[in-house]
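Enquirer: Sequence and predicted model, in that order:
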Amino acid sequence: MTDKIVRATAAKGGIRLVAVSTTQSTIEAQCRHKLSFLTTAILGRAFNSALLLASSMKIMHGRVTFRIRSDGPINGLLVDAGRDGSVRGYVGNPSLELDPVKLNEEKYSFDFKKAIGTGYLNVIRDNGSGNPFTSTVELVNGNIAEDLASYLLYSEQTPSAVFIGEKFENSNLICSGGLIAQVLPKKETDPLLVSLLEERCKEVNSFSEELERSRNDLLGLIKNIFPDIDDQSISEKARSQYVNFKCRCSRTRSLNAMRILDKKELIDILNKDGKAELICEFCKNKYVINSAELKEIIQE
């Protein structure tokens, strides 16, 4: 099952719809960072949010940084996502696990609010030219979907409905995904479109269950929630894009990072350890800089 993004419109082009699946990307992050069930769900939600934001960027090399700073035991998180479908990220406390919250006699939920706590959501949009656009909003309740909707409303003045969910089965993540529905800027003053958006949202009792039923059929997921979808003549292939966990770290970047250090620090590392080990926070790849390379950097 391949992760992907699917785009569509509804209400004669007045509502923009984007659905994303990140199941495999989240599983890879879970393995790389040794995440608990709780932090797997949280990082997956952040993956979905960042990719949904990046999907609206006009240039393929555009990127979104999605950061949460809070007082919760998760100790913050950081996700980097690209318009090209690449995503990576980490949480401050990957092993965090909390007792689930009881919703009713049969259903339980992760305690996202307690895990994340109170704090701020910071979003940086980088088009690769000029200064990146940065905006910060206060966290609503830590479930990330409502936090993203709050960001879109107050920072970008875009009425939006955001759905994010996941499902575990026999201790395995079987689906993680999200969907965003936005009234387009030229149509945002139309009360009928905002009303339609609200009505469609009320019809969704459990997005996680909708996601599980559709699995990787994102276009089907969109149609279930917005049956009045437009562009029926456009094939799914034409509006789809693959998503994958991809880190931008490299050995060259690691060597360049060492060149930033003070000469005395480099000499101290060489004398004490004879080498340097750099571990990427995003993917946990390890890069070893040997003594010969250290000497060369010191000489430079």
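Expert: Now that the structure is in, tell me what you want to look at. Residues are numbered from 1 along each chain as shown.
Enquirer: can we go C-alpha only for contacts and neighbour counts from here?
Expert: Noted.
Enquirer: contacting residues for A54?
Expert: 62-64, 81-83, 125 (C-alpha atoms under 8 Å, 6 or more residues apart in numbering).
Enquirer: What about these, which are in helices?
Expert: When DSSP state H is applied, the contacts of A54 are split such that none fall in helices.
Enquirer: ok, these vs I27, which is closest?
Expert: A81 (16.3 Å; C-alpha to C-alpha).
Enquirer: coming back round to it: in a markdown table: the contacts of A54, plus distance to E166.
Expert: Output for the contacts of A54, formatted as a markdown table (distance: C-alpha to C-alpha, whole Å):
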| residue | distance to E166 |
| --- | --- |
| G62 | 27 |
| R63 | 24 |
| V64 | 22 |
| A81 | 19 |
| G82 | 22 |
| R83 | 22 |
| R125 | 26 |
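Enquirer: Could you export the helix or strand hosting T136 as CSV, keeping only the C-alpha atoms?
Expert: Assigned by DSSP states H and E, T136 belongs to strand 133-138. The C-alpha atoms that make up strand 133-138 are tabulated as CSV, following Å, rounded to 0.1, in the frame of the first residue of the first chain:
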residue,chain,number,x,y,z
PHE,A,133,6.4,33.1,5.8
THR,A,134,6.1,32.3,9.5
SER,A,135,2.9,32.1,11.7
THR,A,136,2.2,31.0,15.2
VAL,A,137,-1.2,30.2,16.8
GLU,A,138,-2.1,28.8,20.3
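Enquirer: start at 699 instead
Expert: Got it, first residue is 699 now, which makes that one strand 831-836.
Enquirer: quick one on the thing from earlier: got a winner among the contacts of A752 for most neighbours?
Expert: Among the contacts of A752, A779 has the most neighbours (other C-alpha atoms under 10 Å), with 31 neighbours.
Enquirer: contacting residues for the nearest residue to it once chain neighbours are set aside?
Expert: Nearest residue to A779, sequence neighbours excluded (C-alpha to C-alpha, 6 or more residues apart in numbering): V785, at 4.3 Å. V785 makes contact with 723, 745, 749, 777-779, 941-945 under the criterion C-alpha under 8 Å, 6+ apart.
Enquirer: May I ask you to confirm that V785 belongs to a strand?
Expert: Yes. Looking at V785 with DSSP: H, G, I helix; E, B strand; the rest coil, it is inside a strand.
Enquirer: that older thread, can you redo the contacts of V785 as a markdown table with distance to L968 and secondary structure?
Expert: Below are these laid out as a markdown table (distance: C-alpha to C-alpha, whole Å; DSSP: H, G, I helix; E, B strand; the rest coil):
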| residue | distance to L968 | secondary structure |
| --- | --- | --- |
| S723 | 37 | helix |
| F745 | 38 | helix |
| L749 | 41 | helix |
| V777 | 33 | strand |
| D778 | 33 | strand |
| A779 | 36 | strand |
| V941 | 41 | coil |
| N942 | 37 | strand |
| F943 | 34 | strand |
| K944 | 32 | coil |
| C945 | 28 | coil |
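Enquirer: Reformat those into CSV and put pLDDT and distance to G817 next to each item.
Expert: Below are the contacts of V785 laid out as CSV (pLDDT from 0 to 100; distance: C-alpha to C-alpha, whole Å):
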residue, pLDDT, distance to G817
S723, 97, 26
F745, 98, 19
L749, 97, 22
V777, 98, 16
D778, 97, 19
A779, 97, 22
V941, 96, 29
N942, 96, 29
F943, 97, 27
K944, 96, 28
C945, 95, 27
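Enquirer: Quick check on these: which are buried?
Expert: 723, 745, 749, 777-779, 941-945 (16 or more other C-alpha atoms under 10 Å).
Enquirer: Hmm, G742 and T724 touching each other?
Expert: Yes. Taking C-alpha atoms under 8 Å as the definition, T724 is a contact partner of G742 at 5.3 Å.
Enquirer: Return the distance of stretch 750-764 from the chain's centre.
Expert: The chain centre lies 11 Å from the centre of stretch 750-764; the measure is C-alpha atoms, centre = their mean, to the nearest Å.
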